[in-house]
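K.L.:
Predicted structure and sequence below. I'll ask about it afterward.
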Amino acid sequence: MLIDRVTDARLAASPERSTLDLRDGRVARVGVFGEPTAPGTELALGGKLLAPALVDAHVHLDKAFLLDAAGPCAPTLPAAIASVAALRGRLPASVLRANAEQAIDRLVKNGVTAARVQVEIEPAVGLDLLHLQQELAHTARDRIELQLVAFPQLGLEAPGMLGLMSAALSEGVPVVGGCPYVDSDPAWHLDRVFELAERFARPIDLHLDFSDEPRRSLLSLVAERVRAHGVQGQVTIGHATTLAAMPIDAQAAALDLLAKSGIALVLLPATDLYLAGVGEPGTRSLAPLARARAAGVRVAIANNNLQNPFAPFGNANLAQAAWLAGVIGRAAEPTTRRWLFEAITSAPASLLGLPAHGPVTGAWAHLAVFDAAREEDVVLTAPAVLATLRAGRLVYRASSPEVRSA
Ligand SMILES: [Zn+2]
């Protein structure tokens, strides 16, 4: 349903209740609530918070909700990878499709209107999961924009993998993924990823150095290749849990390197905290958001996995992921609360290369209504999402707010 006007909205930018006119998918005008308006379909918010819709910088739909199917699994990365790999080829496509559709529904209900989706490309499944998710992305396009990544979860060393990655990119997949820690030679893996990115002119999104040991950091290998290929600003890394385990000086140097190389960082709390940080001594295993932002690094917080061996507690709730990152990072200052909110809205939108959105004149009307009064309450309390709009279309609504024809 297309909405012409959102009324009685609370905006971060204004102490007054506001009315927003929506037209052609965008916010045409922001005015004061109560002024006379033209006829149209209204969404009446009753003073609830209207915020930019959330953007998920990193999520897996093709292994969502496999916790029960996988059975008992140790809370380690190799066990989680093996557990899901063992299911490939055994689970009917209908189950994978239903699970992915459920994941999309949950994202939209949680206020997400765009997501970067890591699509597994591997010899056992070829491009089957890609074709499934291309179809889902097309079907769901009015509700959510799904930006697909060709992701080699089991590495690039297996015979045929480089051909499969090239085939996926030839079919138009817009982002090259990578997973250097699973191959015997991570530098070789990175070289292949950067070559593919150059050949197909695509940005890069890496799963990186998922370890508690600082010496296993791959950041400098990535930064060297960013420099060599001249792709500053086009590379994103997820996890980078080694950052959490580094001595403070080494961490500061690593964050400085990320900032200088224009490498963006994505924290994935539901997985990072579950699968890492278990060494001796244990760490908090979540890269430091506040220090990274202070160093000038672009940072997003994302879902990663949903209820599977990689993230049994993954729940598609980005506000809760930001809340959790705030607790772990002790990010309670007004500035760091703002960074947490930006890490699930404007920062991931920028990483995905999306145009500006939110309750601002001229921006795309991708909007979320929260049962909250202030934007910082979104990350302090992870409140309920009451409605989600994409390009002015109401794509989710709880029992309130009310839709009226005026
Ligand atoms: Zn991932």
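P.N.:
Ah, there it is. Source: prediction; values computed, not measured. Numbers count the residues shown, from 1 in each chain.
K.L.:
Give me the distance between Ala322 and Leu268.
P.N.:
12 Å (C-beta to C-beta, to the nearest Å). Bear in mind the C-beta positions are built from the backbone N, C-alpha and C, glycine included.
K.L.:
Give me the common contacts of those two.
P.N.:
Common neighbours of Ala322 and Leu268 are listed as Ile301 (criterion: C-beta atoms under 8 Å, 6 or more residues apart in numbering).
K.L.:
Please name the nearest non-neighbouring residue to His58.
P.N.:
Ala302 (3.9 Å; C-beta to C-beta, 6 or more residues apart in numbering).
K.L.:
my guess is the one you found meets Leu107, correct?
P.N.:
No: counting by C-beta atoms under 8 Å, Ala302 does not reach Leu107; the two are 10.9 Å apart.
K.L.:
What number of residues are in the vicinity of Val235?
P.N.:
25 (other C-beta atoms under 10 Å).
K.L.:
now it, which residues is it bridged with?
P.N.:
For Val235, the beta-bridge partners are Ile204, Ile263 (DSSP bridges).
K.L.:
so it touches Pro203, yeah?
P.N.:
Yes: the pair Val235 / Pro203 is scored as a contact, 7.0 Å apart, by C-beta under 8 Å.
K.L.:
any idea how far Thr336 is from the residue nearest to His58?
P.N.:
Distance check for Ala302 against Thr336: by C-beta to C-beta, it reads 18 Å.
K.L.:
Ser83 too?
P.N.:
Distance from Ser83 to Thr336, by C-beta to C-beta: 35 Å.
K.L.:
The two: which has the busier surroundings?
P.N.:
It is Ser83, of Ser83 and Thr336, that has more neighbours when counted by other C-beta under 10 Å, with 21 against 18.
K.L.:
Which pLDDT value does the model give that one?
P.N.:
Here the pLDDT value assigned to Ser83 is 94.
K.L.:
Now do the SS call for it.
P.N.:
When classified by DSSP: H, G, I helix; E, B strand; the rest coil, Ser83 comes out as helix.
K.L.:
OK, contacts around it?
P.N.:
70-71, 73, 309.
K.L.:
would a markdown table of the residues you listed with neighbour count, distance to Val327 and secondary structure be doable?
P.N.:
Listed next are the contacts of Ser83 as a markdown table, based on neighbours: other C-beta atoms under 10 Å; distance: C-beta to C-beta, whole Å; DSSP: H, G, I helix; E, B strand; the rest coil:
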| residue | neighbour count | distance to Val327 | secondary structure |
| --- | --- | --- | --- |
| Ala70 | 19 | 28 | helix |
| Gly71 | 11 | 30 | coil |
| Cys73 | 18 | 25 | coil |
| Pro309 | 28 | 23 | coil |
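K.L.:
Which pair of those spans the longest distance?
P.N.:
Spatial extent of the contacts of Ser83 (C-beta to C-beta) is set by the pair Gly71 and Pro309 at 9.1 Å.
K.L.:
Could you give the number of residues near the nearest residue to Ala368 once chain neighbours are set aside?
P.N.:
Take Ala368 and drop its neighbours on the chain: the residue closest to it by C-beta to C-beta, 6+ apart is Gly111, 3.4 Å away. Gly111 has 29 neighbours, counted by other C-beta under 10 Å.
K.L.:
now swap in the one 3 residues further on and tell me
P.N.:
Burial of Ala114, expressed as a neighbour count using other C-beta under 10 Å, amounts to 22.
K.L.:
From Leu265, how far off is it?
P.N.:
Applying C-beta to C-beta to Ala114 and Leu265 gives a distance of 19 Å.
K.L.:
Grab the longest strand from the chain for me.
P.N.:
strand 112-120 (DSSP state E).
K.L.:
Could I have the CA atoms of that strand written out in PDB?
P.N.:
In PDB, the C-alpha atoms belonging to strand 112-120 read as follows (Å, rounded to 0.1, in the frame of the first residue of the first chain):
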ATOM      1  CA  VAL A 112      15.200  -3.400   7.400                       C
ATOM      2  CA  THR A 113      14.700  -2.200   3.800                       C
ATOM      3  CA  ALA A 114      18.100  -3.100   2.400                       C
ATOM      4  CA  ALA A 115      20.600  -5.900   3.100                       C
ATOM      5  CA  ARG A 116      23.900  -7.200   1.700                       C
ATOM      6  CA  VAL A 117      23.400 -11.000   1.400                       C
ATOM      7  CA  GLN A 118      26.300 -13.400   1.400                       C
ATOM      8  CA  VAL A 119      25.500 -16.100  -1.100                       C
ATOM      9  CA  GLU A 120      27.400 -19.400  -0.800                       C
END
